[in-house]
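Visitor: could you look at this predicted model? Sequence included:
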Amino acid sequence: MARIAALRSNDRPRIRRALRDGHALEAALVPHLVPLLRRDDVYPDVLRALRRMAPSCVGQILDTLLDAGADPVVRQRLPAS
């Protein structure tokens, strides 16, 4: 829960710490990570995290890519993961 709170905090240093604190990221965090792809300030960090997680969350990533209602910036950046 603390990691989710950090990811949703809108505080760049806190988000970056949550992504790099040394613990493995769980697939359950993907819905909290994907919207962060829109933010230029944390996009590279989120992308690195999603790349590490990709094998365990391919379905969630694909769902977002196929969702016509998803943010276009997110859909554009997501394939890089």
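Guide: That came through fine.

Visitor: so Ala49 makes contact with Leu19?
Guide: Yes: with contacts defined as C-beta atoms under 8 Å, Ala49 counts as touching Leu19 at a distance of 4.7 Å. To be clear about C-beta, it is placed using only N, CA and C from the backbone, and glycine gets the same treatment.

Visitor: count the neighbours of Pro79 for me.
Guide: 8 (other C-beta atoms under 10 Å).

Visitor: any idea how far Leu50 is from the residue of the chain most remote from its centre?
Guide: For the chain, the largest distance from the centre (C-alpha atoms, centre = their mean) belongs to Ala68, which lies 18.4 Å off. For Ala68, the distance to Leu50 under the criterion C-beta to C-beta, to the nearest Å works out to 21 Å.

Visitor: show me what contacts the residue nearest the centre of the chain?
Guide: Relative to the mean C-alpha position of the chain, the nearest C-alpha, by C-alpha atoms, centre = their mean, is the one of Leu33, at 2.4 Å. Neighbour list for Leu33: 7, 25, 46, 49-50 [criterion: C-beta atoms under 8 Å, 6 or more residues apart in numbering].

Visitor: what's the helix or strand harbouring Val74 packed up against?
Guide: When elements are assigned from DSSP states H and E, Val74 belongs to helix 72-77. Using 3 or more C-beta pairs under 8 Å, 6 or more residues apart in numbering; DSSP states H and E as the contact criterion, the secondary-structure elements in contact with helix 72-77 are helix 43-66.
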